[in-house]
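Chemist: Here's my sequence, what's the structure:
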Amino acid sequence: MSTTTNNDPLAARELTWAINPEEILAEHTKINGPIVRTRFPPEPNGYLHIGHAKSMNMNFKLAFEKLGVEPANRRTIFRYDDTNPEAESAEYIASLERDVRWMGWEPERTTYSSELFQQLFDYAIVLIKKGLAYVCDFDKATVEKQRDLASRRAQARNSGKDPDEVAPLDPALIPGPNRNRSVAENLDLFHKMAKGFFKEGQYTLRMKMDLDHSNPNMYDLMAYRIKYVPHPHIGDVWCIYPTYDFTHSICDSLEHIDYIEPYFWVLWALDLYRPKVYEMSRLNLAYTVLSKRRLLKLVNNGYMRGWDDCRMPTISGLRRRGYTPDIINTFCTGIGATRAMNVVEVEKLSSVARVELGAKSRRCLSALTPVKVKIVEYVGCTAESFDDDANCTYEVQNSPTDETLGCHMLKFTPKCFYVDLSDFGMDNDGGNFYGLTPDQHVGLKYVGANLHVSKLIHDKSSPEKLVEIEAKLDLSEGKPKPKSHISWCPSDSVKCEVRVYNNLFVVPEPSEKWEEELNPQSEIVYPNALVDPSVLEVAKKIEFSSEETGGKTKVTEDMSGGTDRHFQFERLGYFIIDLDSARDAKSGAYKLVFNRTVNLREDIPVKAKSATSAKDKEKLEARKVAQAKQLAAKEARLKISPENLFKEADEYKGLYSAFDGDGIPTHDAAGEKLTKSAMKNLKKEQAKHVKQLKVKAMKEGK
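Modeler: Next comes the predicted model:
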């Protein structure tokens, strides 16, 4: 089929048979008038993730801006494409609605494909009567054989070869015994399918498209299948369900959508309005996965606590970690929309978060691994001088850039306070470590005094563990200038749990062995951390559930999209109060849990060590061995030809059982056919390998 050029700023290629007849276009224009309508149509088979956030940003905002549509004429429909009851649930349906609203988008209306099932069934009847759909008894394996034969014949034609020589027709497959079935017989079988006469998989309804086409998407796609599964939205009304391929273009047409990517053949066959097309690449974010299949496995296999685990790229996970709608939408607007496949650095999202949270987060002091400090010597002051609150209480701005956020009071307690273990080392690492050491003093933030080590006290049962520092406090006028000022927590600080999050994977683009590439340090929990008492001012304003569990009430989720529960732990990063935080129902005492949203831009100095422990030596040796193995594997990989990559490379051995002519796997080890998406990713891996081989050849002067 030929194509025409389209100068629309969002349009992709336009097929000539996808152009609307004048009478249909006139009817659409009459209905929409100046309105331009888009849609956001997720399937409720999982939670929305950051890739959906990009799609929302496009359909609710960016598309209209690019087209210059006046705000008054912008409309977006939020539609549940709920055609697969086996994978869908009421939980997912509710989560989608919640996340769309939280992201700040207001749809024109919310619709369900399932509410159009009767109309879709009637359209299927129309196709059958037109001779453009037929009931088929092929099982999955036979359909794959038919499609493979059609594909090989198309490839032969495209390369100038005789398809009858390269891939001779097999009448049992093309056209097969079903394609030329009579209209009357097809109608009878289809009605029996709808009434439950047959078993699942015994029959399907397929669209009679074009088995000679060069595009495999035209090889008689399925329109209906039998499934004895109740639907989570409409119940057990139907035992046959339309496919996504058949449904979504019809729903787009009926809702008079303007900018989407439909399957035009269905609309052409039914003489329905053909929406315009917009194509954009999916979001690929480094160090994570966005495949729902993989996300589901992360949850079901216990790698994550749930869909809202802070390491998950879901909207729920991002919300719990402390990302706001403004952060996510600003990020999505910044990356824009292109058709080229690319991987976006996660640092772009982090940078947006720092800008947003830096201006709005309340400051506090913290110690993730607290070490007790006791002042035993005073210079320029006395112990008694700190008995007066006026001499040891400091006014601290909640934000150094926004006075409207107010301030809080912080009391220094010299007889007992805490510093973080990361701010202490046995030496200064040749001048590279700016923290406290036995020979290097530091300043105490807000106090204006220098802190010097007098004595180190270690745990008697574990000599390597530092439990207390006895120190000298210098407040004299001529005191030497410290290299750095460190944070501290007073004696009445609040004990809490802090969860620090890092990349979910150790590689930027997880491979087929992605489960082995999960980062064991993606979550680091500090169960005995401290935060200064000012955080209680925020905790007391938070709403807690009225339901008790074990004598405690849990904090309720904040769906406002604001930053009232956010903090900047000074010198550490941005944190938010987690949903696991609780309050004792009787005493009112708080058990606070904090999640790190993102670290600060500045690097935190690595703690210097006096000597490498035996455990660290083991880790170092293990790391060296692992690096040597990786180098050997890389060198071995560069000796493998592209067509044998997935057969001979160690990381792929045993994973696949069949390959195409270029060496791309087509079936997994169990004989199951790979998805188009999986094969596409494998082609990208092969292309990378080809590039690496070229680089090697250039270096060797070949």
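Chemist: from what I can see residue 568 touches residue 356, true?
Modeler: No. Checked against CB atoms under 8 Å, the pair residue 568 and residue 356 is beyond contact range at 11.8 Å. Quick note: C-beta positions are derived from backbone N, CA and C, even for glycine.
Chemist: Now do the buried residues in stretch 35-49.
Modeler: 36-49 (16 or more other CB atoms under 10 Å).
Chemist: And the pLDDT at the residue nearest to residue 536 when sequence neighbours are not counted?
Modeler: Using CB to CB, 6 or more residues apart in numbering and skipping residues adjacent in sequence, the residue nearest residue 536 is residue 494, 6.4 Å away. As predicted, residue 494 sits at a pLDDT of 97.
Chemist: State the distance from residue 494 to residue 306.
Modeler: Distance, residue 494 to residue 306, using CB to CB, to the nearest Å: 27 Å.
Chemist: Find the nearest non-adjacent residue to residue 242, please.
Modeler: Per CB to CB, 6+ apart, closest to residue 242 is residue 120, 4.9 Å.
Chemist: Which of the helices or strands spans that neighbour?
Modeler: Per DSSP states H and E: residue 120 is located in helix 117-129.
Chemist: elements contacting that helix?
Modeler: Applying 3 or more CB pairs under 8 Å, 6 or more residues apart in numbering; DSSP states H and E, one finds that helix 117-129 makes contact with strand 133-136, helix 183-194, strand 204-207, strand 222-226, strand 240-242, helix 244-254, helix 264-270.
Chemist: And it, what's buried?
Modeler: In helix 117-129, counting by 16+ other CB under 10 Å, buried: 117, 120-121, 123-124, 127-128.
Chemist: Surely the residue nearest to residue 242 touches residue 245?
Modeler: No. Counting by CB under 8 Å, residue 120 stays clear of residue 245, with 11.9 Å between them.
Chemist: For the nearest residue to residue 457 once chain neighbours are set aside, give me phi and psi.
Modeler: Among residues not flanking residue 457 along the chain, residue 468 sits closest, at 4.1 Å (CB to CB, 6+ apart). Here is the backbone geometry of residue 468 (degrees, to the nearest 10): phi -160, psi 150.
Chemist: again with residue 438
Modeler: phi -60, psi -30.
Chemist: please begin residue numbering at 20 from this point
Modeler: I'll keep to 20 as the first residue from here, and by that count the last item is residue 457.
Chemist: what residues are up against it?
Modeler: If you count contacts by CB atoms under 8 Å, 6 or more residues apart in numbering, residue 457 has them with 445, 472, 475.
Chemist: Kindly report the same for residue 677.
Modeler: Here residue 677 is in contact with 684-686, 690 (criterion: CB under 8 Å, 6+ apart).
Chemist: partners of it in the sheet?
Modeler: Under DSSP bridges, the beta-bridge partners of residue 677 are residue 686.
Chemist: measure it to residue 502 for me?
Modeler: Applying CB to CB to residue 677 and residue 502 gives a distance of 63 Å.
Chemist: Just say helix, strand or coil for residue 116.
Modeler: Three-state call for residue 116 (DSSP: H, G, I helix; E, B strand; the rest coil): helix.
Chemist: what do you get for residue 517?
Modeler: Under three-state DSSP, residue 517 falls in the strand class.
Chemist: Quick check: it touching residue 594?
Modeler: Yes. Between residue 517 and residue 594 there is a contact under CB under 8 Å: 7.1 Å.
Chemist: what touches both of these two?
Modeler: Contact criterion CB under 8 Å, 6+ apart; residues shared by residue 517 and residue 594: 613, 615.
Chemist: who's more crowded, these two?
Modeler: The residue with more neighbours, out of residue 517 and residue 594, is residue 594; 29 against 25, by other CB atoms under 10 Å.
Chemist: what are the ranges of the strands in the stretch 470-619 of the chain?
Modeler: For the stretch 470-619 of the chain, the strands defined by DSSP state E, counting those that start in this stretch cover 485-493, 504-505, 508-509, 513-520, 542-550, 563-568, 571-574, 585-588, 592-596, 601-603, 609-618.
Chemist: For the stretch 20-169 of the chain, which residues score under the pLDDT cut-off?
Modeler: Applying pLDDT under 70 to the stretch 20-169 of the chain flags the ranges 20-36.
Chemist: Can you tell me the element residue 716 falls in?
Modeler: helix 695-718.
Chemist: residue ranges of the strands in the stretch 270-419 of the chain, please?
Modeler: Going by DSSP E, counting those that start in this stretch, the stretch 270-419 of the chain shows strands at 303-304, 362-363, 381-383, 385-386, 389-398, 412-416.
Chemist: Please identify the deepest-packed of the ones you listed.
Modeler: Mean neighbour counts were taken over the strands of the stretch 270-419 of the chain using mean count of other CB atoms under 10 Å, and the top value, a mean of 28, falls to strand 385-386.
Chemist: partners of it in the sheet?
Modeler: Strand pairing (DSSP bridges) places strand 385-386 next to strand 542-550 (antiparallel).
Chemist: average model confidence for the partner strand?
Modeler: Mean predicted confidence for strand 542-550 is 97.
Chemist: Need the per-residue pLDDT for residue 632.
Modeler: Residue 632 is assigned 50 on the pLDDT scale.
Chemist: that older thread, quick check: beta-bridge partners of the residue nearest to residue 476?
Modeler: residue 391, residue 476.
Chemist: Number of residues surrounding it?
Modeler: 15.
Chemist: Residue 115 too?
Modeler: If you count neighbours by other CB under 10 Å, residue 115 ends up with 23.
Chemist: residues contacting it?
Modeler: Per CB under 8 Å, 6+ apart, neighbours of residue 115: 61, 63, 66-67, 99.
Chemist: mind running it again at 6 Å?
Modeler: Residue 115 makes contact with 61, 63, 67 under the criterion CB atoms under 6 Å, 6 or more residues apart in numbering.
Chemist: I figured the last one hits residue 119, correct?
Modeler: No. The pair residue 67 and residue 119 does not pass the contact test of CB atoms under 6 Å, sitting 7.5 Å apart.
Chemist: Could you pull up the residues touching the residue nearest the centre of the chain?
Modeler: Nearest to the mean C-alpha position of the chain, by CA atoms, centre = their mean, lies residue 332 at 2.3 Å. Neighbour list for residue 332: 68-69, 307 [criterion: CB under 6 Å, 6+ apart].
Chemist: So it versus residue 368, what's the distance?
Modeler: 10 Å.
Chemist: Chain neighbours aside, what residue packs nearest to residue 308?
Modeler: Counting by CB to CB, 6+ apart, the residue nearest residue 308 is residue 529, at 5.6 Å.
Chemist: Next one: the one you found relative to residue 307, how far apart?
Modeler: Taken as CB to CB, the span from residue 529 to residue 307 is 8 Å.
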